[in-house]
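> sequence? don't have it. structure:
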């Protein structure tokens, strides 16, 4: 089934070439991702590909605007809710990003790195929280691989939470979903979960205050718990409002927030001196940040 899934998403050698599928990538991991994507689109491949192409045009427009002006078009996270985060556009955007987990090499390689390097050392009994689960693929693959009985997901979009619920139902139906319409920049509440595993995937570029977000995570992740974070560097997108110019900025923010960096990975997007995606595996240090 897994091999069939990849063949359905990338049916020809030309398709695989466009996706920059490399023999050095772990075939089992790629097959797992492809099978997950195919399960989540639930037979609607043509519609999902149309959403992917629509999303690509939005990314291209954002990148062209960024190259002309040197700044992102959006600067206020609140404006996203009447634009790309409006329910109809959000579903198309998230479906496009779901397809990109196979079709875009940078997204596929970072998700592979997450599955191969981060998840194996996570505590399946210690609690799992994902901030901004989006289309839900990472959440659902994590739940399935870790055998989670429950998983928490926070997002500012009801559409995202609904898609995450559907993803869990498709890939890990035994996992109880605990969704919350929450902004991670808000201070934690007394009844919020304390977790051993937290995931913050491409969130720091869209939140009002990355510093507040990391302070919250420092309170939510138990000492010794693990955090996976990734963030675009100099990469424009329809919902990016904060420009990160160097990975050192992310490292500094993590350390200031009480996390110890264990591993990092950077995947280029296009030219070697151009935008990239930066990922970090970190551990929550003991004591206050």
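Thanks, I have the structure now. Computed from a predicted structure; not experimentally measured.

> contacts and neighbour counts: CA atoms only from here.
OK.

> Stretch 76-88: end-to-end distance?
In stretch 76-88, first residue to last residue: 20 Å (C-alpha to C-alpha, to the nearest Å).

> which of the residues in that stretch are buried?
Going by neighbour count (16 or more other C-alpha atoms under 10 Å), the buried part of stretch 76-88 is 77, 80, 84, 85, 87.

> In a helix, the third one, correct?
No: assessed with DSSP: H, G, I helix; E, B strand; the rest coil, residue 84 is coil; it does not lie in a helix.

> Now for the residue nearest to it when sequence neighbours are not counted, how many residues are close by?
Excluding the flanking residues, the one nearest residue 84 by C-alpha to C-alpha, 6 or more residues apart in numbering is residue 90, at 5.7 Å. For residue 90, the tally of surrounding residues (other C-alpha atoms under 10 Å) stands at 21.

> pLDDT score for residue 90?
Looking at residue 90, its pLDDT stands at 93.

> Show the subsequent helix or strand relative to the host helix or strand of residue 58.
In this structure, residue 58 is located in helix 45-69 according to DSSP states H and E. Sequence order places helix 87-103 as the next helix or strand after helix 45-69, per DSSP H and E.

> Would you mark the buried spots in that next one?
87, 89-103.

> Run through the neighbouring helices and strands of that helix.
Under the contact definition 3 or more C-alpha pairs under 8 Å, 6 or more residues apart in numbering; DSSP states H and E, helix 87-103 sits against helix 27-41, helix 45-69, helix 105-113, helix 158-171.

> Can you say which of those helices is nearest to residue 279?
The minimum distance between residue 279 and those falls on helix 105-113, with 7.4 Å, by C-alpha to C-alpha.

> Check which helices and strands that closest one sits against.
Packing contacts for helix 105-113, counted by 3+ C-alpha pairs under 8 Å, 6+ apart, involve helix 27-41, helix 87-103, strand 259-268.

> what would the ones you listed look like in CSV with distance to residue 219?
Shown next, in CSV, are the helices and strands packed on helix 105-113 (distance: least, C-alpha to C-alpha, whole Å):
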stretch, distance to residue 219
helix 27-41, 31
helix 87-103, 29
strand 259-268, 11
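
> of the ones you listed, which approaches residue 165 most closely?
Short answer: helix 27-41, nearest of the helices and strands packed on helix 105-113 by C-alpha to C-alpha, at 10.7 Å.

> Could you count how many residues lie near residue 249?
Residues near residue 249, counting by other C-alpha under 10 Å, number 11.

> Find me the pLDDT at it, would you?
Predicted confidence (pLDDT) at residue 249: the value is 95.

> Isn't residue 241 up against residue 74?
Yes: the pair residue 241 / residue 74 is scored as a contact, 5.1 Å apart, by C-alpha atoms under 8 Å.
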